[in-house]
Structures are given as structure tokens and as C-alpha cells.
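Q: Attaching a predicted model along with its sequence, questions to come.
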Protein chains: 2
Amino acid sequence: MGRWGNRVTGRQKLGRSVGDCGDITMNQKAFQDYYSEELSYCYGCGRLNEQGLKLKSYWDGEETVALFTPRPYHIAIPGYVYGGLIASIIDCHGTGTAAAATYHAEGREMGTEPPLRFVTASLRVEYIRPTPLGVPIEIRGKAKEIKGRKVVVSVTVSAHGEMCAKGEVIAVQMPEHMMPRNNDCRNITSESDNKPVTTAGEP
Amino acid sequence: MGRWGNRVTGRQKLGRSVGDCGDITMNQKAFQDYYSEELSYCYGCGRLNEQGLKLKSYWDGEETVALFTPRPYHIAIPGYVYGGLIASIIDCHGTGTAAAATYHAEGREMGTEPPLRFVTASLRVEYIRPTPLGVPIEIRGKAKEIKGRKVVVSVTVSAHGEMCAKGEVIAVQMPEHMMPRNNDCRNITSESDNKPVTTAGEP
């Protein structure tokens, strides 16, 4: 059993293949699914942003994991994933990991009040090798340090079991004045484009 | 006249308001519009990626500038721009600036052969204050160092004349083996989704 909770089975901890991650994602509720409605419109990971990427992050032992399959148009050059997309998923997986780790450090279940939600103070990405397009990429995070309202998260991005990028997110708890009110969210996505984007076929 | 060329008028150099940037973008061809077809599918700045952001970067004296209006769904929380989008435009403006600055350093016009195209080795973003949604954001770059195949570019992102984020891109010339062949590009965007995204109303 992982130090961070009882959500992960021994088998899931042993393996790091995409198949094993699939098991993890089927057996848990994602961090982002605990966010309150008004905090669920993030383009990268909000479950209510219909045009967004809808990244979902989970515990896997002491690490966190997310799987994401870039869409065919998320390219830098043909065959390779766009670096800005990689930065985006590192960002969202980083802030999600910061929230989950802080709930854990405080001995609280995710989703309990008051909410813990993080914004990014800084983001650093090193692109190690081109990330191939057309396969799921695996994003792994680890909270390296929790200090006051700040959490430092290291993140790796791999495809075919090979690390393609690594990064660091410094996440800070969202200041109270930034917390949206519920009615701030009306029509966020319905006004977003004249011709709305469907998310059918989304990974 | 700017040291970097004769493309910018005195008036354009003096001003940094969005209106002045509008003049610049009307009077020049964007860096990205010089990229060859097979290198023009980048999600962030490729002119041929119909689903992409189509960022366009220009000279403004010794600096480079781009204007971009995030779409309404590019949000982190209501009212504020998604940090991953900011990282993405810093990335593309950085590599575009690297290419333009290297052409200039070699005394060459952009678009001349052999092509100079850059990929990102590392990206760093500091988020200084939340970036308001609904207004054009101004991205400014400067090549700090050109050394061999590597260019270091500093970038700022501002809205309403206030700096919201700053970053640094270390760009390296794309290795020859990564250069796509022309037929690699077929159907990149036409196969991209079952329900294609329109770019109508794009900024």
C-alpha cells in the first residue's frame, strides 16, 4: 500500500506500463473531479470546459500519474507533439499534484472544505527528446516540497516508456480574492466560439 | 530605424500600445509566414494548422512582438487566461524570435535557403500576476544570446500595459533528421478530429 493512501493496489504500484495506468485511472476518481464547479473550467484540466484538454490526474503510490493522448493536430512538426501542449499538461498535472499532496499532508480527504486549489507561480520544462504523436503519453508527478502555501512538484512526460520531457511546477495556493463566485461561470463555454468544438472521441 | 532592419518606422518604435502593435503587424510579414509548408503545421504558430493558435511574430526595433487574443475558453479560472496557453505563446514567440534573430545575425533575409528553424530545448515561465481574459495580450521577445545553434530568448507577456508573465526560451536549430519531408504533411489537419474545429472568428 502506498504511503499516500490506500487507493493503489500492489499490482498497480509494480507496473508503469500504460496498461497499468489504465487500471489506476479506472479505479480512482481523478483529482480534478473533486474541484468545485466554479473551479472546473480550466482549459487544461477542467471537467466542465468542453473545448479543453480535460487532463485527469491520479495517485500511484507516492507519485501521481495522468495519461493523455494528444490530438492529431497537437503537433510541432509532423510526427511530434507540440511543446506548448507538453508544458500545459505539466502545468495542470503539477497543480493537481500540489492540491492532492497538500490534502494528504493535512490528513484530509480531497474535496473536503475549505477547498485547496493551486495556481502556478512558475513552470520549467526541459525537452529531452521529441515526443512522438499518436500514442498515449504518461505524465508522472511528485511533490518534492510543501512549505506553507507553496508546493514544488517535479513532473516527467514519457512515451513508449521513454522520458521525453521533464519539468518543475512551483504551485501556490490560490489567493482568496481570485476564487471565483459561482455566477462567474455562466456561459464560459457556450459563448466561446461561434461554432463550438465537440469533445467527442476525446481520450 | 532599428538596428535589426528597416521594417519598423520611427512611430512604431516609439509606441508600445496595442494600437501601435497593430500598425506593425499590418506592415510586415510575420516570421511564421516565411516557414516552408512542411514546417507550418505547428499548433501554436503554424499558418496551416486550422485548429491551431496561429501566433504571428514581428520585428519592432530590436525586439519582437506578437499580439494574441485568447479565446473565451482559454481560461484557468473565470476571468483569467490559462497558464498553459501563456507558456505556449512564449514558446512559439521564442522559437520565432530565435529564427529571425539568427537570419539577421547571418545577414540573411528570412525565408532564404537553407531554412533556419528552431525547436525548444527548455522553457521557463514565471507568472507574475493573473492575465486578464478578453483583451489582446502583447508578447515581446529579445534574443539575448546567439551561440552556435543555440539562441536564448527572453519573453514578456503583458495585458493592459502591465506585465503578467515573463519567460525564457532556449531554442536550438532543428536537427536535419527531424526536418519533415513534404509528404509527411498530408492530412495532418483533415484527419485531426471527427468533427473539425473551425477557425472562423479567429483573432
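A: In hand now; what should we look at?
Q: where do the strands sit along chain A?
A: Per DSSP state E, chain A carries strands over the ranges A:57-60, A:63-68, A:118-127, A:137-147, A:150-159, A:162-173.
Q: how about the ones you listed, which one is nearest residue A:39?
A: Judged by Cβ to Cβ, the one of those that comes nearest to residue A:39 is strand A:118-127, at 10.3 Å. All C-beta spots, glycine's among them, are computed from the backbone N, C-alpha and C.
Q: what's in contact with that closest one?
A: With Cβ atoms under 8 Å, 6 or more residues apart in numbering or on different chains as the test, strand A:118-127 has contacts from A:83, A:86-87, A:90-91, A:94-95, A:98-99, A:102, A:150-151, A:164-174, A:178, B:76, B:83, B:87, B:119-127, B:130.
Q: Quick one: mean pLDDT for that strand?
A: Per-residue confidence for strand A:118-127 averages out to 97 on the pLDDT scale.
Q: for stretch A:33-53, same thing?
A: Over the span of stretch A:33-53, the pLDDT mean works out to 94.
Q: Of the strands of chain A, which stretch is the most buried?
A: Relative to the other members of the strands of chain A, strand A:57-60 carries the highest mean neighbour count by mean count of other Cβ atoms under 10 Å in any protein chain shown, namely a mean of 26.
Q: Where does pLDDT dip in chain A?
A: Counting by pLDDT under 70, chain A shows low-confidence ranges at A:1-26, A:180-203.
Q: With just CA atoms, put the longest helix along it into CSV.
A: Among the elements of type helix in chain A, defined by DSSP state H, the one spanning the most residues is helix A:83-105. As requested, the backbone C-alpha atoms of helix A:83-105 are provided in CSV (Å, rounded to 0.1, in the frame of the first residue of the first chain):
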residue,chain,number,x,y,z
GLY,A,83,5.9,21.6,-26.9
GLY,A,84,3.3,24.0,-25.6
LEU,A,85,0.9,21.2,-25.1
ILE,A,86,3.6,19.3,-23.1
ALA,A,87,4.1,22.5,-21.0
SER,A,88,0.3,22.7,-20.5
ILE,A,89,-0.1,19.2,-19.2
ILE,A,90,2.9,19.5,-16.9
ASP,A,91,1.3,22.7,-15.6
CYS,A,92,-2.1,21.1,-14.8
HIS,A,93,-0.7,17.8,-13.5
GLY,A,94,1.6,19.9,-11.3
THR,A,95,-1.1,22.0,-9.7
GLY,A,96,-3.3,18.9,-9.4
THR,A,97,-0.5,17.1,-7.6
ALA,A,98,0.1,20.1,-5.4
ALA,A,99,-3.5,20.0,-4.3
ALA,A,100,-3.6,16.3,-3.7
ALA,A,101,-0.4,16.3,-1.8
THR,A,102,-1.5,19.2,0.4
TYR,A,103,-4.8,17.5,1.2
HIS,A,104,-2.8,14.4,2.1
ALA,A,105,-0.3,16.3,4.2
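Q: close to chain B, is that helix?
A: Yes. Using Cβ under 8 Å from any Cβ of the partner chain, helix A:83-105 comes into contact with chain B via A:83, A:84, A:85, A:87, A:88, A:89, A:91, A:92.
Q: Which strands and helices lie in contact with that helix?
A: Packed against helix A:83-105 by the contact rule (3 or more Cβ pairs under 8 Å, 6 or more residues apart in numbering or on different chains; DSSP states H and E) you find strand A:57-60, strand A:63-68, strand A:118-127, strand A:137-147, strand A:150-159, strand A:162-173, helix B:83-105, strand B:118-127.
Q: what's in contact with the fourth one?
A: Read it as strand A:137-147. Residues lying outside strand A:137-147 but in contact with it, judged by Cβ under 8 Å, 6+ apart, are A:16, A:18, A:21, A:55, A:57, A:60, A:62-70, A:81, A:86, A:89-90, A:93-94, A:96-98, A:101-102, A:105, A:131, A:151-159, A:164.
Q: 7 Å instead, please
A: Strand A:137-147 is contacted from outside by A:18, A:21, A:62-68, A:70, A:89-90, A:93-94, A:97-98, A:101-102, A:105, A:131, A:151-159, using Cβ atoms under 7 Å, 6 or more residues apart in numbering or on different chains.
Q: Would you give the sheet partners of it, along with the direction of each?
A: For strand A:137-147, the paired strands and their directions (DSSP bridges) read strand A:63-68 (antiparallel), strand A:150-159 (antiparallel).
Q: quick check: angle from the first one to helix A:83-105?
A: Spelled out, it's strand A:63-68. Relative orientation of strand A:63-68 and helix A:83-105, computed by axes from the mean of the first three to the mean of the last three Cα atoms, to 10 degrees: 140 degrees.
Q: surely residue A:89 meets residue A:56?
A: No. Under the contact definition of Cβ atoms under 7 Å, residue A:89 does not touch residue A:56, with a separation of 10.7 Å.
Q: Compare neighbour counts for the two and give me the winner.
A: In this comparison of residue A:89 against residue A:56, neighbours counted by other Cβ atoms under 10 Å in any protein chain shown, the higher total goes to residue A:89 at 25 against 22.
Q: how about the more buried one, what does it touch?
A: Shown in contact with residue A:89 (Cβ under 7 Å, 6+ apart): A:44, A:53, A:55, A:68, A:139.
Q: Perfect, I'm done here.
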